[in-house]
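Asker: with the input below, show me the fold.
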Amino acid sequence: MDMSLYRDLFVSEARNHLSAFSELIVRLEDSPDDSAAIDDLFRHAHSLKGMAATMGFEQVVAIAHLMESQLSRIRSGEFMLLPVLADLLLEGGDTLTRLVSAIEVASDTFEDTSRLTELLAAYDPSGEAGGNLHAEESQEVAITPPQTAVSAPHQFRQADSFKSIRIRTETLDHLVNITGELITNRYRLAESIRLADAVECREPLNQLSALLRNLRDEVFKARMLPFAFIAERFPRLVRDLARKQGKEIQFQLTGKEIELDRGILEEITEPIVHILRNAVDHGLESADERVMAGKPYGGVITLTVRRDKDHVEISITDDGRGMDPEQLKLKAIEKGLISTEHAAQMTSQEAYQLICTPGFSTAATITDISGRGVGMDAVREAVHALSGVLTIQSQCGQGSGFVMRLPITVSIIHALIVECGPFEIAFPLNVVTRTAELNRSDILEESGRTTVILEDIHVPIRSLLQALNLPVTPRAEGALLPIIVCNVGGTQVAFSVDRITGQQEIFVRPLLSPLSYLRGMSGATVTGDGRVLFVADVNTLA
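Answerer: Numbers count the residues shown, from 1 in each chain. As a prediction, this is how the structure comes out:
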């Protein structure tokens, strides 16, 4: 029988088992009495061994068998999971991941795993000679897989494979684009029916609209993945960095079942890694510093994912040293990034955003983890590119928090349409907090800035025409001034416009050269009557 036919299925199943491995080991290291984590680890190792034995992948079988054996000893109470064994098991998981990747591409050469199998087989916390016996077992397993493993072909769950199929991400991207084009053409059709006053076409149009909404939802579902898809690596990341820094850190993760568009998950992974690295390196103090400050010996980093209608908030907090906004201002002045006058007018929230300025760093020394003034600026740019908002909060001695508010998807969005001079601009609804119409008496002048008081908060007003470098036309006496209030980095900013025309679902297309050089625009869409709407990037307009 040609088992190569099942290679893709093996790779997919193996990665499902391995993706959970690191997180479970770190969890067990923090909670040695977590019997559920032990059972899950044992099950993943045993299942992987059975599948690999059926396929004849002997190196995978040998490593998985030895890992299973050590986990069995932990489960029986022979010893606890000590850091040395945790390191070995994590190395085993990494090695298995590389072997599976080599299997995926049908490689003829595989890395030498003899050293790892010897270490796994010989591990014995008591230091007795029994480890040599395990080493001999490992050599035998590498040649002849256990019979119990060979007799487990049901691990492939072939019947279940017919309930789901693998689809290339490019195909899903094409489906999203086609759906977006259909939505655009639906608006064009509606406009034609309106102009022709074709009453008999309205009911079919309504039915078409309902079907398109269903199609959109189903296509989005196909692209949606749980946050766990990228989150499995984060506990391991924090654990390894903490050990390297000699710090005790507890990592907490909630909301990993929340789903986002695959494209957003791929783009947001590195920003989260940057924030976690900074939290370990800069945010959390050493154990001695924490004790002297009256804090627990170990620090805590919490990653929380929360769904809010058609948006997701990813929050990363720590209970570390926090940031002093005045010190951040002084550092920025010292580096020539802002003037003393500008610093005096900055709010605390604006001061925290200084850490996202390219080249800005408060680190006393440069390490291989952080300190070169890069990272947070990349985080902000990545969030902005996804039409999201990055908010930073901190308190000296208490810790810091970073919140990324992101849309569920960035291809088909709901937007607020406004008129501004010769253009119509679409504002993504996820950044709009409210709209209002102001009388002249509502507008205040403070320290050279135009503001309005909304819910007891002084909100600065910017002319959208000026932000786009367009000529400003005077308004008629007594005319109301429409404004759109947006969340920009956690700060409220109001943009004055000529007219607010309404809301609409739009399909956002990327801007190509030379339109990509337009400041303050992140994309464009086409209306039902063929007009082009630009999509505003409020982060660069503010």
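
Asker: dig out what the residue lying closest to Phe423 once chain neighbours are set aside forms beta bridges with.
Answerer: In space, and not counting its chain neighbours, Phe423 is closest to Phe534: 6.4 Å by C-beta to C-beta, 6 or more residues apart in numbering. All C-beta atoms are positioned from the backbone trio N, CA, C, and that covers glycine. Assessed by DSSP bridges, Phe534 has beta-bridge partners Ile425, Ala524.

Asker: ok, now which ones touch Phe534?
Answerer: For Phe534, the contacting residues are Phe423, Glu424, Ile425, Ala426, Leu518, Met521, Gly523, Ala524, by C-beta atoms under 8 Å, 6 or more residues apart in numbering.

Asker: if I look at it, how far off is Val497?
Answerer: Note on Phe534: its distance to Val497, by C-beta to C-beta, to the nearest Å, is 13 Å.

Asker: which stretches of the stretch 351-500 of the chain form helices?
Answerer: Assigned by DSSP state H, counting those that start in this stretch, the helices in the stretch 351-500 of the chain fall at 376-385, 464-467.

Asker: reformat those helices as TSV; add mean pLDDT, mean neighbour count and distance to Ile413.
Answerer: As requested, the helices of the stretch 351-500 of the chain are exported to TSV (pLDDT from 0 to 100; neighbours: other C-beta atoms under 10 Å; distance: least, C-beta to C-beta, whole Å):
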stretch	mean pLDDT	mean neighbour count	distance to Ile413
helix 376-385	85	19	14
helix 464-467	88	19	19
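
Asker: let me have the ones you listed in TSV, extended by distance to Gly263.
Answerer: Putting the helices of the stretch 351-500 of the chain into TSV (distance: least, C-beta to C-beta, whole Å) gives the following:
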stretch	distance to Gly263
helix 376-385	11
helix 464-467	28
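
Asker: of all those, which one is nearest Thr409?
Answerer: helix 376-385 (13.9 Å; C-beta to C-beta).

Asker: where does Glu270 land in three-state SS?
Answerer: Of the three states, Glu270 takes helix according to DSSP: H, G, I helix; E, B strand; the rest coil.

Asker: tally up the residues packed near it, please.
Answerer: If you count neighbours by other C-beta atoms under 10 Å, Glu270 ends up with 14.

Asker: now the closest residue to it other than its chain neighbours: how far from Phe495?
Answerer: Once flanking residues are discounted, Glu270 sits nearest to Ala382: 7.0 Å by C-beta to C-beta, 6+ apart. Distance of Ala382 to Phe495, computed by C-beta to C-beta: 23 Å.

Asker: go on, Ser114?
Answerer: 65 Å.

Asker: ditto for Leu212
Answerer: Counting by C-beta to C-beta, the gap from Leu212 to Phe495 is 31 Å.

Asker: higher neighbour count, those two?
Answerer: A count of neighbours by other C-beta under 10 Å puts Phe495 above the other of Leu212 and Phe495, at 27 against 16.

Asker: list the beta-bridge partners for that one.
Answerer: Beta-bridge partners, per DSSP bridges, of Phe495: Arg462, Ile484.

Asker: I'd guessed it sits against Pro482; true?
Answerer: No - with contacts counted by C-beta atoms under 8 Å, Phe495 stays clear of Pro482, the gap being 9.4 Å.

Asker: lowest-confidence one in the contacts of Phe534?
Answerer: Lowest pLDDT of those: Leu518, 76.

Asker: count of neighbours near it?
Answerer: For Leu518, the count of nearby residues is 13 (other C-beta under 10 Å).

Asker: which residues are in contact with it?
Answerer: With contact set as C-beta under 8 Å, 6+ apart, Leu518 has these partners: Leu511, Phe534.

Asker: Provide the backbone phi and psi angles at it.
Answerer: Main-chain torsions, Leu518, degrees, to the nearest 10: phi -60, psi 120.

Asker: ok, now Val312?
Answerer: Per degrees, to the nearest 10, the backbone of Val312 is at phi -130, psi 140.

Asker: got the contact list for it?
Answerer: Contacts of Val312 (C-beta under 8 Å, 6+ apart): Ile258, Leu260, Val305, Arg306, Arg405, Leu406, Pro407, Ile408.

Asker: do Ile506 as well
Answerer: Contacts of Ile506 by C-beta under 8 Å, 6+ apart are Ile183, Thr184, Ile412, Ile413, His414, Ala415, Ala426, Thr525, Leu533, Val535.

Asker: and those as a markdown table, adding neighbour count and distance to His311?
Answerer: Shown next, in a markdown table, are the contacts of Ile506 (neighbours: other C-beta atoms under 10 Å; distance: C-beta to C-beta, whole Å):
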| residue | neighbour count | distance to His311 |
| --- | --- | --- |
| Ile183 | 20 | 20 |
| Thr184 | 20 | 23 |
| Ile412 | 20 | 14 |
| Ile413 | 22 | 11 |
| His414 | 15 | 11 |
| Ala415 | 24 | 14 |
| Ala426 | 25 | 17 |
| Thr525 | 25 | 20 |
| Leu533 | 20 | 21 |
| Val535 | 22 | 16 |
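
Asker: which member of the residues you listed is positioned nearest Thr171?
Answerer: When the contacts of Ile506 are compared for distance to Thr171 (C-beta to C-beta), Ile412 wins out at 17.1 Å.

Asker: look at that closest one and report its pLDDT.
Answerer: For Ile412, pLDDT reads 81.

Asker: alright, that wraps it up for me.
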